[in-house]
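> Next input, structure requested:
(chains A and B)
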2 protein chains.
Amino acid sequence: MPIDPAARAGGILTIDLAAIQGNYRRLQKKLGGTACAAVVKADAYGLGASEVGPALWTAGARRFFVAMPDEGIRLRRSLPDAEIYILGGLFEDAEEAYFGHDLRPVLNSLREVRLWADFRRRRQSRLAAALQIDSGMNRLGLPKEEVTALQQAEDILQNLDLCFVMSHLASADEAGNVQNQEQLTRFRTSLDHFPKLAASLANSSGIFLGAAYHFDLARPGAALYGINPTPGQANPMQPVVQLQARVLQVRNIQPGDRVGYGGRFQAEKPGRIATVAVGYADGFLRYLSDRGSAWFQGTRLPLAGLVSMDVAGVDVTGLPPDRLKPGDLVELLGPNQGVDDLAAQAGTIGYEILTALGRRYHRVYRGA
Amino acid sequence: MPIDPAARAGGILTIDLAAIQGNYRRLQKKLGGTACAAVVKADAYGLGASEVGPALWTAGARRFFVAMPDEGIRLRRSLPDAEIYILGGLFEDAEEAYFGHDLRPVLNSLREVRLWADFRRRRQSRLAAALQIDSGMNRLGLPKEEVTALQQAEDILQNLDLCFVMSHLASADEAGNVQNQEQLTRFRTSLDHFPKLAASLANSSGIFLGAAYHFDLARPGAALYGINPTPGQANPMQPVVQLQARVLQVRNIQPGDRVGYGGRFQAEKPGRIATVAVGYADGFLRYLSDRGSAWFQGTRLPLAGLVSMDVAGVDVTGLPPDRLKPGDLVELLGPNQGVDDLAAQAGTIGYEILTALGRRYHRVYRGA
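Reported below is the predicted structural model:
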């Protein structure tokens, strides 16, 4: 007798590929004539790059960004014709892997530029790449002095097939942050050194900072997956993810009874505790302990005590007795509580909620 | 030309299977005549159940515990002859999956006991299981009233092939916590109802609470993987895990320069920042931002700014210039900074550090 795999799972993760496509189209529309790439690093922010990548291709994306060369190698299998860029740059001694899988490094330093130009000479082949310039985040990209040196090294520049120059915004999610304008100015100044190249600056939030930030190519990630690119304002994106946890047990507790590790939750009045089959090993962060919540039929159910590795306690006293039964599913992410909401409960950002999503969930892909 | 996969990875995770085996033997020795099981749930605490399981089998473990039925199905492939118990209990409508893969549910409620007894009648087969009694953690297991009811339901008890009765300690890592003695007393009282059955109470820390907690079977997990079962005292276990992060870039910064998202780190004096290729999508928790550290050649290197999804900034001003180069590896977990240390920096426990370990690391298994 075949068993429905969902019946064996502690949690069910539903990913709406049609919503991701809708989000892509919405961003592309907002960008007008600026091309819209898709950032699918970290396994498409935890949602599965081999499913999400082709869905975005269908929606019109042709340029994809991942972080590490291994991610590019895997993505190439599901996107044979896409341009795939490696944000982490060129890893020394791995040049052949980039070449063999048609991966384009985002060259982050003069050192990487030289390595790639040398490799191109040895290979005697055109080898596309992008160039990243640091505009004030001090994370990845050529610092100002290396930009100047590169501009003067015409022999190197002639040995590169650069598709565009890019930089990355550190504070785009705060529209009023002065750092945005500072980075824009620095990026423009750097671009003067490369007048013939296309340019790319905006991440998800950068798209909403105005057309001055758009240039030739935008690189949204988070917004595709439903994270609000405009914190503090209404979320212009569609939600993408639903997460439900299976109820294992419901029990009565009496005043003084303790729940979970360390006995940290102690009941003050008679109540009921449900144990649900999702824990921090599933990426339901332990920081949610005593602060996070689940939902059932429109009722908020606060977590009770420390989140365990595989299960969490939920205070279901607010529900009528016998309303919630073993096998029922409570909402951890969904209409009542989105990715950004759960992130706020955990004291982190929606990005980490998504990338932490664990491997034990039964995954359902909708749409596309 | 084959590329060393380590050359393409942002981080290298080395797992010492011989150390896990050594830890198992040390616990078994401490337990004397009490049998020692092995808890390998959550993919052996993130370290890979299909590698760790057989290593523990070689070291002598015969009983294994996982959380979810799907974990048991996968573990069965690498451990054909082991007893595999499912701590999450019996999932309704999945009974055939337990039967087909010879998985033993830890029956956590009278409801599950009845489901399993019914299934046994239909199957007309012996079906091993364990019984969990709640002794005060209010998480999983039969509450007191269900224990009494079960004892009186002789027809059900005769239709069960129970291997042992177990409970779980909520505060074993605090040797002085009164809850330990309370749970021990309640567990003993419950055992009076099942005089013929073997008993199991101790997790890793419970093994160190003394022989009164040992009963017939102990169920360590964390201690096998090097987490200190006696916090506040010297760790009696061997470390198991090393994690190294690849340096992508090293740059000079000047007073006033900002690093990373939100510009949260601002330099007060000239210095150097290394960007390493590990981020929160790798389970290097974002909570480590501004608090965590890396190590290189015996020097502590504080994190600078917010941990990004794929990279983190490290303040390497304390190293001589040019000492650290792109391609070098810094230590995130190792001799200078163990799992419990990193957990303290992140405000969590070593268990979460391990289960959060990401999928992008190049994994190296040593020993066994």
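> give the contact list for the residue in the stretch 101-250 of chain A that chain B sits nearest to.
Closest residue of the stretch 101-250 of chain A to chain B, Cβ to the nearest Cβ: A:N138 (4.5 Å). In this view, the C-beta of every residue, glycine as well, is placed from N, C-alpha and C. By Cβ atoms under 8 Å, 6 or more residues apart in numbering or on different chains, the contact set of A:N138 is B:R251, B:I253, B:D257, B:R258, B:V259, B:G260, B:I273, B:G313.
> ranking those residues by neighbours, who comes first?
Highest neighbour count within these, by other Cβ atoms under 10 Å in any protein chain shown: B:G313, with 30 neighbours.
> Per the annotation, how does chain A divide into domains?
In terms of domains, chain A is parsed into A:17-225, A:241-337 (source: automatic domain parsing).
> would you list these in a markdown table and tack on mean pLDDT and distance to B:E92?
What follows is the domains of chain A, written out as a markdown table (pLDDT from 0 to 100; distance: least, Cβ to Cβ, whole Å):
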| stretch | mean pLDDT | distance to B:E92 |
| --- | --- | --- |
| domain A:17-225 | 96 | 28 |
| domain A:241-337 | 97 | 5 |
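> I'd like the ones you listed laid out as TSV, including distance to B:I12.
Formatted as TSV, the domains of chain A follow (distance: least, Cβ to Cβ, whole Å):
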stretch	distance to B:I12
domain A:17-225	12
domain A:241-337	22
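> Stretch A:331-343 and chain B in contact?
No: Stretch A:331-343 lies out of reach of chain B by Cβ under 8 Å from any Cβ of the partner chain, never closer than 9.9 Å.
> which residues sit against that stretch?
A:11, A:225-228, A:231, A:235, A:239, A:241-245, A:278, A:284, A:288, A:292-296, A:298, A:300, A:349-354.
> Pull the CA coordinates from it and hand them back as CSV.
Listed in CSV are the C-alpha atoms of stretch A:331-343, where the atom choice follows Å, rounded to 0.1, in the frame of the first residue of the first chain:
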residue,chain,number,x,y,z
GLU,A,331,0.3,27.2,10.4
LEU,A,332,3.9,28.3,11.0
LEU,A,333,4.1,30.4,7.8
GLY,A,334,1.0,31.4,5.9
PRO,A,335,-1.8,33.9,5.6
ASN,A,336,-1.7,34.7,9.3
GLN,A,337,2.0,34.9,9.8
GLY,A,338,4.4,35.6,6.9
VAL,A,339,8.1,35.2,6.5
ASP,A,340,8.8,38.7,7.7
ASP,A,341,6.5,38.2,10.7
LEU,A,342,8.2,35.0,11.9
ALA,A,343,11.6,36.7,11.4
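> For the most centrally placed residue in chain A, list the residues it contacts.
Nearest to the geometric centre of chain A sits A:Y45, at 3.2 Å (Cα atoms, centre = their mean). Applying Cβ under 8 Å, 6+ apart, we find A:Y45 in contact with A:G221, A:A222, A:Y225, A:Y351, A:L354, A:T355, B:A281, B:M309.
> what are the phi and psi angles of the closest residue to it other than its chain neighbours?
Once flanking residues are discounted, A:Y45 sits nearest to A:L354: 4.4 Å by Cβ to Cβ, 6 or more residues apart in numbering or on different chains. When read as degrees, to the nearest 10, the backbone of A:L354 gives phi -70, psi -50.
> Distance-wise, check A:L354 relative to A:L13.
A:L354 sits at a distance of 10 Å from A:L13 (criterion: Cβ to Cβ, to the nearest Å).
> Tell me which of these two has more neighbours.
Neighbours around A:L354 and A:L13, counted as other Cβ under 10 Å, are more numerous at A:L354. The numbers are 28 against 24.
> for chain B, what are the nearby residues on the stretch 151-300 of chain A?
Counting by Cβ under 8 Å from any Cβ, the residues of the stretch 151-300 of chain A that sit close to chain B are A:170-171, A:174, A:177, A:179, A:246, A:248-249, A:251-253, A:257-263, A:273, A:275, A:277, A:279-281, A:283, A:285-287.
> please redo it, this time with the cut-off set to 6 Å
A:170-171, A:179, A:248-249, A:251, A:253, A:257, A:259-263, A:273, A:275, A:277, A:280-281, A:286 (Cβ under 6 Å from any Cβ of the partner chain).
> one step back: A:V364: which of the domains of chain A is closest?
Ranking those by their distance to A:V364 (criterion: Cβ to Cβ) puts domain A:241-337 first, at 8.6 Å.
> What segments of chain A are helices?
Taking DSSP state H, the helices of chain A run over residues A:17-31, A:41-45, A:49-59, A:69-78, A:95-100, A:110-123, A:144-152, A:154-157, A:178-191, A:204-207, A:339-346, A:350-355.
> Excluding chain neighbours, give the residue nearest to the residue of the stretch 101-250 of chain A closest to chain B in space.
Nearest non-adjacent residue to A:N138, counting by Cβ to Cβ, 6+ apart: B:V259, 4.5 Å away.
> In contact with the closest residue to chain B within the stretch 151-300 of chain A, which residues?
Relative to chain B, the nearest point of the stretch 151-300 of chain A is A:A281 (3.6 Å; Cβ to the nearest Cβ). Counting by Cβ atoms under 6 Å, 6 or more residues apart in numbering or on different chains, A:A281 touches A:M309, A:D310, B:A42, B:T355.
> Most widely separated two among those?
Longest distance between any two of these is 9.3 Å, between A:D310 and B:T355; criterion Cβ to Cβ.
> And the strands in the stretch 201-350 of chain A?
In the stretch 201-350 of chain A, the strands defined using DSSP state E, counting those that start in this stretch lie at A:217-218, A:241-253, A:258-259, A:265-266, A:271-276, A:293-296, A:299-302, A:312-315, A:329-333.
> I'd like to know which of those is closest to B:L79.
Nearest to B:L79 among the strands of the stretch 201-350 of chain A is strand A:241-253; the distance by Cβ to Cβ comes to 24.3 Å.
> What is the burial count for A:G33?
A:G33 sits with 7 neighbouring residues when counted by other Cβ under 10 Å.
> hmm, back to that, in a markdown table, list the contacts of A:Y45 along with distance to A:Q337.
What follows is the contacts of A:Y45, written out as a markdown table (distance: Cβ to Cβ, whole Å):
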| residue | distance to A:Q337 |
| --- | --- |
| A:G221 | 22 |
| A:A222 | 18 |
| A:Y225 | 16 |
| A:Y351 | 17 |
| A:L354 | 14 |
| A:T355 | 18 |
| B:A281 | 22 |
| B:M309 | 22 |
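> picking that back up, give me the buried subset of the contacts of stretch A:331-343.
Neighbour counting with 16 or more other Cβ atoms under 10 Å in any protein chain shown marks A:11, A:225-228, A:235, A:239, A:241-245, A:278, A:284, A:288, A:292-296, A:349-354 as buried within the contacts of stretch A:331-343.
> Hmm, the residue nearest to A:Y45 is touching A:D43, no?
No: judged on Cβ atoms under 6 Å, A:L354 makes no contact with A:D43 at a distance of 9.6 Å.
> which parts of the stretch 1-150 of chain A sit against chain B?
Residues of the stretch 1-150 of chain A that fall close to chain B, judged by Cβ under 6 Å from any Cβ: A:1, A:3, A:7-8, A:10, A:41-42, A:67-70, A:88-89, A:91-94, A:96-97, A:108-109, A:138-140, A:143.
> Now a PyMOL select for only the buried ones of those.
The PyMOL selection below is limited to those of these classed as buried (16+ other Cβ under 10 Å):
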select buried, chain A and resi 3+7+8+10+41+42+67+68+69+70+88+89+91+94+97+108+109+138+139+140+143
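> Would you mind measuring from the nearest residue to A:R63 once chain neighbours are set aside to A:V52?
Distance criterion Cβ to Cβ, 6+ apart; nearest residue to A:R63, sequence neighbours excluded, is A:A37 at 3.9 Å. According to Cβ to Cβ, A:A37 and A:V52 sit 14 Å apart.
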